[in-house]
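J.: Sequence plus the predicted model coming up.
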Amino acid sequence: MLLKTFGLLALILTSTAPLRAAGKAPAVTYAPESVAALPNFHKRAEWDTAWKEIVYDEPLGNPALITVHHTEEVQPTEPAAILTELRRILRIHTSNDKKMDGKGWSDIGYHFIIDARGRIWEARPLYAKGAHVEAQNDNNIGISLMGNFDPLFKERPLNKPTPAQLESLSLLINRLGEAYNIPLDRRHVVGHRDLDNRKACPGQILYDQLDAISQAASLKAAAMASRIGTRPSENIQEQLRLIPVESPF
Ligand SMILES: [Zn+2]
């Protein structure tokens, strides 16, 4: 699968020429082909059947930064509950209702959400500027993991990112880095709090793993390159394993 999709990694998104596949909007995915080819990737239409392409205020621009968040909400594991949670986050982000803490945005704020099963859900189209870091959304891809990983936030149960979530996060970062030439170091793969020190997001538990995650993502990139013979591949598979994480299940 990696070999098969690697040739498609050269797809570049620009603000003037958003990546679009042919067809009606709801069936389209706006992620790079290499992301859409991941077996656990789900396009927007799969969880939001009512979604229609809307006019976004501003384009993302050339992706240059990947910001990791937690949803700071529940971490469902059952498929039906996960869909309900995705739709609930969408409602909160787009509602003007202050009673439900509505944000009043034009669409869901993140570009991707990863659930406890490690499934990657496409959210706001990648060509559109997100709403996930205050005043720093230009060129910034937002990925959020379902759950509350902040021990100090007591309004929700404390979760840990699942091994499947972390694996999908590093894979997604790897593919985005390759597709858009984003260096996979900690200056370009950041936690929300790195950009806004008023925030605890993505929670201490996930934040503590960002070094390992960005490293794993970049090792995966090296491993992918090695398979097409451009880099040495010594023991790279061994290095690809993420640090062990205790499963909450
Ligand atoms: Zn955040």
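T.: Now that the structure is in, tell me what you want to look at.
J.: what's the burial count for residue 99?
T.: 6 (other CB atoms under 10 Å). (Each C-beta comes from the backbone N, C-alpha and C, glycine too.)
J.: How about the secondary structure of it?
T.: helix (DSSP: H, G, I helix; E, B strand; the rest coil).
J.: Distance-wise, check it relative to residue 143.
T.: Counting by CB to CB, to the nearest Å, the separation of residue 99 from residue 143 is 29 Å.
J.: what about stretch 186-197, how long is it end to end?
T.: Terminal residues of stretch 186-197 lie 16 Å apart, using CA to CA, to the nearest Å.
J.: ok, and what's touching that stretch?
T.: Under the contact criterion CB atoms under 8 Å, 6 or more residues apart in numbering, stretch 186-197 has outside partners 64-69, 132-134, 136, 173, 177, 182, 199-202, 206-207, 210-211, 213-214, 217.
J.: Quick check on the residues you listed: which are buried?
T.: 65-69, 132-133, 173, 177, 182, 199-202, 206-207, 210, 213-214, 217 (16 or more other CB atoms under 10 Å).
J.: near the ion, from these?
T.: 69, 201 (CB under 5 Å from the ion).
J.: Can you pick out the ones from the buried ones among the contacts of stretch 186-197 that are in helices?
T.: 173, 177, 206-207, 210, 213-214, 217 (DSSP state H).
J.: Between which two of these is the distance greatest?
T.: By the measure CB to CB, 177 and 207 form the most distant pair in those, at 19.4 Å.
J.: and residue 131, what does it touch?
T.: Shown in contact with residue 131 (CB under 8 Å, 6+ apart): 93, 103, 105-107, 109, 124, 137.
J.: is it true that residue 169 touches residue 144?
T.: No. Shown here, residue 169 and residue 144 do not form a contact pair, counting by CB atoms under 8 Å, at 10.0 Å.
J.: what touches both of these two?
T.: Residues touching both residue 169 and residue 144 (CB under 8 Å, 6+ apart): 68, 114.
J.: Tell me which of the two has more neighbours.
T.: More crowded of residue 169 and residue 144, by other CB under 10 Å: residue 169, with 30 against 27.
J.: what secondary structure does that one sit in?
T.: helix.
J.: so what's it up against?
T.: 68, 114, 143, 145, 161, 213.
J.: Can I get those residues in CSV including pLDDT and distance to residue 36?
T.: As requested, the contacts of residue 169 are arranged in CSV below (pLDDT from 0 to 100; distance: CB to CB, whole Å):
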residue, pLDDT, distance to residue 36
68, 98, 20
114, 98, 15
143, 98, 15
145, 98, 20
161, 97, 23
213, 97, 21
